[in-house]
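K.L.:
Return a 3D structure for these sequence lines:
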Amino acid sequence: MRRFHFSLADLTRIKIKSARLPALETVFALDLLVRGRGGELFTGWRAPVRARLGDQVRRLKALNQAVATQSQLFALEGDERPEATLPPEVATAYHEFTQAAITPYWPRIRDHLDGDRDTRAGHIATGGVERLLSTLHPQVSWESPVLSTPFPTPQDIQLAGRGLVLVPSLFLVDRVTVLPSRATGEIVLAYPARLDPDSAAAIWNVANHNERALDALVGRTRAAVLNALTDTPNTGELGRRLGISSAAVSQHTSVLRKAGLITTRRHLNTAIHSLTPLGKILLKGHHESMTRS
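P.N.:
Residues are numbered from 1 along each chain as shown. Got it, this is the predicted structure:
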C-alpha cells in the first residue's frame with residue numbers, strides 16, 4: 001500500500017481540480033483502449049474511435065508503451081502540452097490519437113469532469129474532508145490522518161504541508177494513480193469520475209452526432225481543423241495532429257479564415273492559428289444544440 005500522511009495543514013490544502021486541457025485524459029484513454037478496459041459504458045466510444053484511427057489501431061500498443069515511458073510529462077493535472085518534449089514520431093501519433101479519441105468528445109467530457117469535481121466539493125460542505133476522502137474510490141481508504149491507495153510495495157509519503165490535488169478522470173475507470181506535479185511540487189491523485197449508462201450515452205452519442213453535423217457544414221477536414229484548435233497551434237503542428245501536409249493545412253485554414261472562423265498571425269516564419277469568436281460560437285452552438293436534441 002501507499003500511505004499518505006496528512007498534517008493539519010495538509011487537510012486544509014486539499015484541492016479538487018478538473019483538467020482544462022485533454023493531455024492527461026488522452027493518456028488514460030489510450031491505456032483503456034489498448035487494455036480493453038471500461039466494459040459496456042465505453043462501447044459507444046470504442047467503435048467510432050477505432051474507425052477514425054483506421055490502420056493506426058495496430059500501432060496503439062507501441063504508442064501506449066512509448067507514452068508510458070514519458071509519463072512524468074503528463075503529470076500536471078492535464079494542463080500542459082507534453083507533446084512538445086516527446087520524440088517527433090511519438091508526438092505525431094499522440095496527436096492523431098487525441099484527435100480521434102478525445103477531441104470530438106472533449107466539451108462533454110470536460111462538463112462531466114466539472115460535475116464530478118463539484119459533487120466532491122459538496123461532500124466537504126456536507127460531511128467535511130473525512131467524507132470526501134472516504135468516498136473517493138473503493139481502492140482508497142481513509143483512516144485519519146492516513147490515506148491509503150494500492151501500491152506493489154509499502155510506501156509512506158509525508159505530505160509535509162504540500163496538501164493533495166484530487167483530479168477526476170473519465171478514462172481511469174477502475175483504478176487510481178498518483179502523479180507528482182512538477183510545477184508546484186504538489187502530489188496529484190487521479191481517480192475515476194463516476195459514470196452511469198445514461199451519462200456515457202450522452203457523452204458518446206451527442207459527440208458523434210455533433211461531429212457528423214459539423215462535417216456536413218464545413219467539410220470533414222475543416223471540421224477537424226476547427227476541433228483541433230483547442231490551443232493556438234502553428235501550421236506544422238496542425239498538420240501533425242491531422243495527419244495532412246502543411247500545404248493542405250494552409251489551404252483549409254485559408255478557407256476557414258475567409259469565413260471568419262479562425263484568425264492567423266505571423267510569428268517570425270510561423271503561422272499561428274486560433275478560433276475567432278464566431279468559430280467558438282459555431283462549435284459551442286453545435287454541442288449545445290445536440291445536447292438539447
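K.L.:
Which stretches in the stretch 101-250 of the chain count as helices?
P.N.:
Secondary structure of the stretch 101-250 of the chain by DSSP state H, counting those that start in this stretch: the helices cover 106-134, 197-218, 220-228, 235-242, 246-258.
K.L.:
Is Ser274 in contact with Asn234, as I believe?
P.N.:
No - using C-beta atoms under 8 Å, Ser274 is not in contact with Asn234, being 10.6 Å away. Any C-beta I mention is one placed from the backbone N, CA and C, and that applies to glycine too.
K.L.:
Can you read off the pLDDT for the nearest residue to Ser144 once chain neighbours are set aside?
P.N.:
The shortest distance from Ser144 to any non-neighbouring residue, by C-beta to C-beta, 6 or more residues apart in numbering, is to Glu130 (6.8 Å). Looking at Glu130, its pLDDT reads 91.
K.L.:
got it, and Leu170?
P.N.:
Looking at Leu170, the pLDDT reads 95.
K.L.:
Distance-wise, check Leu41 relative to Ser134.
P.N.:
Noted for Leu41: a distance of 24 Å to Ser134, by C-beta to C-beta, to the nearest Å.
K.L.:
Save the helices of the stretch 101-250 of the chain as a markdown table, and put in distance to Leu159 and mean neighbour count too.
P.N.:
Compiled in a markdown table, the helices of the stretch 101-250 of the chain are given as follows (distance: least, C-beta to C-beta, whole Å; neighbours: other C-beta atoms under 10 Å):
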| stretch | distance to Leu159 | mean neighbour count |
| --- | --- | --- |
| helix 106-134 | 12 | 17 |
| helix 197-218 | 32 | 17 |
| helix 220-228 | 38 | 20 |
| helix 235-242 | 37 | 20 |
| helix 246-258 | 46 | 16 |
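K.L.:
Thr98: which of those is closest?
P.N.:
The closest of these to Thr98 is helix 235-242. By C-beta to C-beta, the value is 7.3 Å.
K.L.:
Render the CA-only coordinates of the closest one in CSV, please.
P.N.:
Only the C-alpha atoms of helix 235-242 are listed here, as CSV (Å, rounded to 0.1, in the frame of the first residue of the first chain):
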residue,chain,number,x,y,z
THR,A,235,0.6,25.1,-39.4
GLY,A,236,3.1,22.4,-38.8
GLU,A,237,1.6,21.3,-35.5
LEU,A,238,-1.9,21.2,-37.1
GLY,A,239,-0.5,19.1,-39.9
ARG,A,240,0.9,16.6,-37.5
ARG,A,241,-2.3,16.4,-35.5
LEU,A,242,-4.4,15.8,-38.5
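K.L.:
Report all helices and strands that that helix contacts.
P.N.:
helix 88-101, helix 220-228, helix 246-258, strand 270-275 (3 or more C-beta pairs under 8 Å, 6 or more residues apart in numbering; DSSP states H and E).
K.L.:
Please tabulate these in CSV, including the columns mean pLDDT and distance to Gln56.
P.N.:
Converted to CSV, the helices and strands packed on helix 235-242 look like this (pLDDT from 0 to 100; distance: least, C-beta to C-beta, whole Å):
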stretch, mean pLDDT, distance to Gln56
helix 88-101, 84, 6
helix 220-228, 75, 15
helix 246-258, 86, 18
strand 270-275, 87, 24
